[in-house]
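Peer 1: Structure for the following, please:
(one chain, ligands or ions: 1)
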Amino acid sequence: MSTRELVIEHGNGTFTTLGFTETSLTIVTNDDDLAQQVSCCQTLFSSPRTSVISEVPIRQVVAATFLSGVVKVSYLVRKGKKQHLHLTQIFGHVDDAHSVPAREWCHSVTQVAYKGGNPPKVLRVLINPRGGPGKALQIYLNQVEPILLEAGCEVEVTCTTRAGHAIELAQTIDLGYDALVIVSGDGLIHEVMNGLAKHPQPEKAFSIPIAPIPAGSGNGLSLNILGLQDGLDPCAAALNVLKGRPMKIDLLSFTQGNQKRISFMSQTVGLMADLDIETEHLRWMGDLRFVWGYLRGVMAHKTCKMEFSMKVTEHDKSRMVDALHARRTSAAKGLPFVSPSSEIVPNDDKHPGGPGSLDGGWVKFDKPVLWMAAGKGPYVSRSLMQFPVSHPDDGLVDISIQEVVGRKFLLDAMDGAEVGRSFWLNSNRYFKATAYRAKPLAPHGVLMVDGEAFPFEEFQIDVLHRLGTLISPYPHYAPDFKVIDAKGTERTV
Ligand SMILES: Nc1ncnc2c1ncn2[C@@H]1O[C@H](COP(=O)(O)OP(=O)(O)OP(=O)(O)O)[C@@H](O)[C@H]1O
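Peer 2: So this is what the prediction gives:
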């Protein structure tokens, strides 16, 4: 792999050689200050009297410019392996005789850093200053906007002033934006999706890709796109705005009486809904509020009486894992994803273990449960991988129904919940369906849709195949799902 190099000077006889390949930016410097700065990147070699050589993944290069004799390279680095990314810059002079190669070098490294594409130029940014611990505006101004501006993006920024504001903004959104950047938790994204659904040209509005910046409590969508390490990192999310690609996702049509809404993430009843609503006043705790809420729910140990009817296409957990594996394998080879069959699976001799009775393609599940959670995307928060075998666009909704079990069992089930281990519990009945209905059999209860409370009344969910668009670094959800095979060996899907 050839390295293309450029030497820049800092004065006092110090200089830096910048090089790049298809995979990394290399920085070799004898400037003390810069050496300190770059030593937080992956340092390949250093000694006090000689050069420091560091490598930055080329994906983390945001911009390289040459203006008035000065080269500026902006990139993101981590201070330590497990730390968040932050924006860093290198400046240096190039004399007139070398200005043409300097300009060419900047152009070439930018081309490679963006894989020949361009960053989205015109961005509509919506910020919920009240989301999660209330730091969204600060996060945007201090961490996100500098990255977007470095990349040359034009930003039009609005802070929401009340609940429902983002619905109004999204329903009249100009179709000329390259992306919608949502600095919030999942609640504001729910509002944006519902605003887009009311747009005079809904399909065009839904094709503007959405990029979440995590600034709420759960930040499930960000975790699902960026994974556990980067999903709560605003700079990694800003980098995704620049470098990600549009990824089509299924949305869910929620119908309750005459009301229709879009759900993009989850619907919950029982303990999982109670814990959400009962900890709303604890938003300042970030995602720890869900752990606290779960513990309270386990102590209360309320059963939930609902009747679920589902158009099930799969109820075999091993086959669901195989389908996930197949998708990852084809994505790694750059092949398109082929949706698994959405044929309705009956509960008969050929498909034992399916849910209750069969009725015109709908199957019923009406035992008392502790909770039902249905939705799309593995994570609902960092502490819970609720739908580990979910696909962005398989045309299916994942449904997880927790049968009634004892308190000790529920406490034990917390172990590994963040990596999806509870998927394998026999008492966690897991289905993939093209649609489902839920009918309360008790007068009181809580129904949460994407973390927002709805009337505890009958509702139906239908899948809207590939209606939504996100910006994502991968053509699938990012989180890995660790699977324990029959021999007890852990493997990652
Ligand atoms: N300016 C505002 N003041 C009060 N509420 C607002 C404002 N802007 C938006 N909201 C409401 O805040 C709700 C929650 O926002 P958000 O999703 O950003 O945070 P969160 O609920 O803490 O995070 P998560 O949904 O990830 O758990 C939204 O559903 C929205 O209705």
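
Peer 1: dump the residue contacts of the closest residue to the ligand within the stretch 351-493 of the chain.
Peer 2: Taking CB to the nearest ligand atom, the ligand has its nearest neighbour within the stretch 351-493 of the chain at G451, 4.3 Å off. From N, CA and C alone the C-beta is placed, and that goes for glycine too. Taking CB atoms under 8 Å, 6 or more residues apart in numbering, we find G451 in contact with 185-187, 190, 218, 265-266, 276.

Peer 1: Identify the residues contacting C159.
Peer 2: 127-129, 137.

Peer 1: Let me have the residues you listed in CSV, extended by neighbour count and pLDDT.
Peer 2: As requested, the contacts of C159 are arranged in CSV below (neighbours: other CB atoms under 10 Å; pLDDT from 0 to 100):
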residue, neighbour count, pLDDT
I127, 25, 98
N128, 25, 97
P129, 16, 96
L137, 17, 97
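
Peer 1: Surely E168 is within a strand?
Peer 2: No. Remark: E168 does not belong to a strand; assigned using DSSP: H, G, I helix; E, B strand; the rest coil, it is helix.

Peer 1: For it, which non-adjacent residue is spatially closest?
Peer 2: G195 (6.7 Å; CB to CB, 6 or more residues apart in numbering).

Peer 1: Need the three-state assignment for that neighbour.
Peer 2: helix.

Peer 1: How much space separates it from the ligand?
Peer 2: According to CB to the nearest ligand atom, to the nearest Å, G195 stands 11 Å off from the ligand.

Peer 1: Tell me which residue of the chain lies closest to the ligand.
Peer 2: Nearest residue of the chain to the ligand, counting by CB to the nearest ligand atom: G185, 2.0 Å away.

Peer 1: Neighbours of the residue nearest to that residue when sequence neighbours are not counted, how many?
Peer 2: Closest residue in space to G185, ignoring its immediate chain neighbours: G216 at 1.4 Å, by CB to CB, 6+ apart. G216 has 29 neighbouring residues, counting by other CB atoms under 10 Å.

Peer 1: Return the residues in contact with G216.
Peer 2: Listed by CB under 8 Å, 6+ apart, the contact set of G216 reads 128, 131-132, 136, 184-188.

Peer 1: Please apply the same query to T303.
Peer 2: For T303, the contact set (CB under 8 Å, 6+ apart) comprises 270, 368-370, 404.

Peer 1: Just among these, which is most surrounded?
Peer 2: So for the contacts of T303 (other CB under 10 Å), the most neighbours sit at G270, 24 neighbours.

Peer 1: who's in contact with that residue?
Peer 2: Going by CB under 8 Å, 6+ apart, G270 touches 302-304, 306, 369-372, 402, 445.

Peer 1: near the ligand, which residues of the stretch 51-200 of the chain?
Peer 2: For the stretch 51-200 of the chain, the residues in contact with the ligand (CB under 6 Å from any ligand atom) are 128-132, 160-163, 165, 184-188, 191.
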